[in-house]
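Colleague: Fold the following, please.
(chains A and B)
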Amino acid sequence: MNNEREHIIRLFESNMRLDGRKFTDYRPVKVEVNVTNTAEGSARVIIGKTDVIAGVKMEVMEPYPDTPNEGSIMVGAELLPLSSPEFELGPPGSEAIEIARVVDRGIRESKALDFKKLCIKEGEKIWMIVLDICTINDAGNLLDASSLAAIAALRNTTFPEYKDDKIDYKKKTNKKIELKDVPLSVTVIKIGDKFLVDPDSDEEKAIDARLTVASLSDGTLCALQKGGDYPLTSEDIAKMIDIGIEKGKELRKLVK
Amino acid sequence: MTYKERLDKRRFDETRKIEAKVGVIPNADGSSYFKIGNTWAYAAVYGPRNLHPKFLQDPSKGILRCNYNMMPFSSSGERVRPGGSRRSKEISLVTEKALLPVLDLNEYPNSVVDVFIELPQTEAGSRCAGICAASMALADAGLAMRDLVCAVSIGRVDDKLLVDLDYLEESYENGPVADIPVAMMPNSNKITLLQMDGLVSKDDLKKLLEMGKKACKDIYEIQKKALKDKYKREADK
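Modeller: Numbers count the residues shown, from 1 in each chain, chains lettered A, B, ... in the order given. Coordinates of the predicted model:
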């Protein structure tokens, strides 16, 4: 483990990564939508060998008492034991919960979703968007893959028919969820004195600190999350945010 | 009114369209997916590996552990709550029993072979699809096996005997329905899974098992081809 880290850092000094990429290069990214027809919307994101599926189910429920005229969104992430020898069966651990919450905030705080438009009847019925992310293979950077899959799945979602207080899941309407922007998260990693994006599993084990930067198409930040065991200076953060916004613009082109 | 013709125009002894692929999850020791109609099952095998907690270990042989799980968005109805249900527990158990007869785990004392089955999309026949996928994944993991395991549902809708019921057939309301998932070892014709919901006569069950055997032989060819294709793909690289 420590040897691996030393090897990674030694390579970095000659401006190289384990797989020959530049520091700000993603592995090949593929976004595919409508991958499962049982969901109201779905997307699959493959980054290198990392593979995740996000699916949306629409539910109707009573609004929360403090927001009687607003619908809502709930994000879940399942780190399936199918996708890595390191994941175990059982309720979501802290890693899965962090991914779900960071994806949730990136979408919610961007205000791209107008929750008032998800209200069916004030104080009585609202739409709840339930978005679940499932991992198929973890080869690093699940955070960015999940965020990308989540927004692509949302944009792919159509409402099922709702009639006489009942959802008919068999009947899909043409009505889409309105999204004013495409919020996207990019996780920037610090190892030694280098900044990089899209770590693979080996690089992920060697990180000192990471910063997930969620931004809108005009570059406005909408959510941040620092992780890793080491602190960052404000100069570090400024650099990481610049990289995050820049790479976000590239990834956004993949979301149609 | 009797059930004259299948809604999707299949012959009564015909399965839905099948697609199978091996080697689809790089982290796993063996993996595959198996699609039949709108049902889609992934399987990953990890192991033989160390088994913890220790009291579960068997010093005389390795154990097989299966877990069947529907992804939250895999049902055409309401969302499936994550975390497993009584149904998924039972299916995990019968899947384990369906696969165990082809394995020889005597060489792996104190170890476990984990099989994880995940379904991104389902529409009838999901346990059979899971077993077909799992059997290919076990072979892909290089485990010694006596045979593959092939599974399909057989059953009756009204007065017709048929293979691979779809959702509309399972929920047919104008006559009696029986749904019978079976798994077989195609080389010895032995049955490793048999469940049934519904009403069926003894004679019809006999006929159905013969129809199931035939369908399993076809599935067996698809599974073998998928296994060989993985090595072709790798050779082409």
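
Colleague: which residue packs closest to residue 28, ignoring adjacent ones?
Modeller: In the absence of a named chain, chain A is used. A:G48 (6.6 Å; C-beta to C-beta, 6 or more residues apart in numbering or on different chains). Any C-beta I mention is one placed from the backbone N, CA and C, and that applies to glycine too.

Colleague: switch to chain B, that's the one I care about
Modeller: B:A44 (3.8 Å).

Colleague: How about B:N106?
Modeller: That would be B:K61: by C-beta to C-beta, 6+ apart, it lies 4.8 Å from B:N106.

Colleague: unless I'm mixing things up, that neighbour is touching B:L105, no?
Modeller: Yes. Using C-beta atoms under 8 Å, B:K61 is in contact with B:L105, at 4.8 Å.

Colleague: Surely B:L56 and B:I63 touch.
Modeller: Yes. Contact criterion C-beta under 8 Å: B:L56 and B:I63 qualify, at 7.3 Å.

Colleague: contacting residues around A:D138?
Modeller: A:T50, A:L79, A:S83, A:S84, A:E86, A:F87, A:S201, B:N27 (C-beta atoms under 8 Å, 6 or more residues apart in numbering or on different chains).

Colleague: Could you point out which of those residues is nearest to B:G83?
Modeller: A:L79 (13.3 Å; C-beta to C-beta).

Colleague: neighbours of that closest one, just the number please.
Modeller: Number of residues near A:L79 (other C-beta atoms under 10 Å in any protein chain shown) recorded here: 22.

Colleague: try B:G130
Modeller: 31.

Colleague: Where does the residue lying closest to it once chain neighbours are set aside sit, in terms of helix or strand?
Modeller: Counting by C-beta to C-beta, 6+ apart, B:G130 lies nearest to B:I117, which is 4.0 Å off, once chain neighbours are set aside. Under the criterion of DSSP states H and E, B:I117 resides in strand B:111-121.

Colleague: Report the contact partners of A:E78.
Modeller: A:P92, A:A96, A:D132, A:I133, A:C134, A:T135, B:M71, B:P72, B:P82.

Colleague: Reduced to three states, what does the first one come out as?
Modeller: I take that to be A:P92. Following DSSP: H, G, I helix; E, B strand; the rest coil, A:P92 is assigned to coil.

Colleague: residue of the stretch 101-250 of chain A with the smallest distance to chain B?
Modeller: A:D132 (4.0 Å; C-beta to the nearest C-beta).

Colleague: and the host helix or strand of that residue, what's its mean pLDDT?
Modeller: Applying DSSP H and E as the criterion places A:D132 in strand A:125-137. Mean pLDDT, strand A:125-137: 96.

Colleague: can you list the residues of the stretch 51-200 of chain A near chain B?
Modeller: A:51, A:53, A:55-57, A:59, A:76, A:78, A:80-85, A:89, A:91-92, A:130, A:132, A:134, A:136-139, A:169-170 (C-beta under 8 Å from any C-beta of the partner chain).

Colleague: among those residues, which ones are buried?
Modeller: A:51, A:53, A:55-57, A:59, A:76, A:78, A:80-84, A:92, A:130, A:132, A:134, A:136-139, A:169 (16 or more other C-beta atoms under 10 Å in any protein chain shown).

Colleague: contacting residues for the residue nearest to B:G130?
Modeller: Here B:I117 is in contact with A:82, B:41-43, B:66-69, B:92, B:95, B:130, B:133-134 (criterion: C-beta under 8 Å, 6+ apart).

Colleague: Show me which pair in those is furthest apart.
Modeller: For the contacts of B:I117, the farthest-apart pair by C-beta to C-beta is B:Y42 and B:S92; their separation is 14.7 Å.

Colleague: These two: which is more packed in?
Modeller: Taking other C-beta under 10 Å, B:Y42 and B:S92 do not tie; B:Y42 has more neighbours (31 against 20).

Colleague: right, and the secondary structure at the more buried one would be what?
Modeller: Once three-state DSSP is applied, B:Y42 turns out strand.

Colleague: pLDDT score assigned to it?
Modeller: pLDDT, B:Y42: 98.

Colleague: Distance of it relative to chain A?
Modeller: With distances taken as C-beta to the nearest C-beta, to the nearest Å, B:Y42 is found 6 Å from chain A.

Colleague: Just the closest residue of chain B to chain A, please.
Modeller: B:F73 (2.9 Å).

Colleague: show me the contacts for that residue.
Modeller: With C-beta under 8 Å, 6+ apart, B:F73 has these contacts: A:T36, A:T38, A:A39, A:S42, A:G55, A:V56, A:K57, A:D132, B:R79, B:V80, B:P120.

Colleague: what's the neighbour count on B:N50?
Modeller: Here the number of neighbours of B:N50 (other C-beta under 10 Å) works out to 10.

Colleague: where does the residue lying closest to it once chain neighbours are set aside land on pLDDT?
Modeller: Counting by C-beta to C-beta, 6+ apart, B:N50 lies nearest to B:S111, which is 6.5 Å off, once chain neighbours are set aside. Looking at B:S111, its pLDDT stands at 95.

Colleague: show me the contacts for B:S111.
Modeller: B:G47, B:P48, B:R49, B:N50, B:L51, B:Q57, B:G62, B:I63, B:L105 are the contacts of B:S111 under C-beta under 8 Å, 6+ apart.

Colleague: wait, the fifth one sits on B:P109?
Modeller: Yep, that's B:L51 we're talking about. No. Counting by C-beta under 8 Å, B:L51 stays clear of B:P109, with 9.9 Å between them.

Colleague: quick one, what contacts A:T38?
Modeller: With contact set as C-beta under 8 Å, 6+ apart, A:T38 has these partners: A:G55, B:N38, B:F73, B:S74, B:S75, B:S76, B:Q121, B:T122, B:E123.

Colleague: Give me the neighbour count for the fourth one.
Modeller: Other residues within reach of B:S74 by the criterion other C-beta under 10 Å amount to 27.

Colleague: Show me what counts as buried in stretch A:95-114.
Modeller: A:96, A:98-100, A:102-108, A:110, A:112-113.

Colleague: Next, check those residues against the strands and list the overlap.
Modeller: Using DSSP state E, no member of these sits in strands.

Colleague: and which of these is nearest to A:L251?
Modeller: A:G106 (12.2 Å).

Colleague: ok, the closest one - contacts?
Modeller: A:S147, A:A150, A:P183, A:L184, A:S185, A:T212, A:A214, A:C222, A:A223.

Colleague: mind running it again at 6 Å?
Modeller: A:G106 is in contact with A:S147, A:P183, A:S185, A:A214, A:A223, counting by C-beta atoms under 6 Å, 6 or more residues apart in numbering or on different chains.

Colleague: where's the second one relative to A:I245, distance?
Modeller: Just to be clear, that refers to A:P183. The gap separating A:P183 from A:I245 is 12 Å, by C-beta to C-beta, to the nearest Å.

Colleague: to the chain's geometric centre, what's the distance from the top helix by length along chain B?
Modeller: Ranked by number of residues, the top helix in chain B under DSSP state H is helix B:202-236. Centroid separation for helix B:202-236 versus its chain: 11 Å, with C-alpha atoms, centre = their mean, to the nearest Å.

Colleague: Good, wrapping up.
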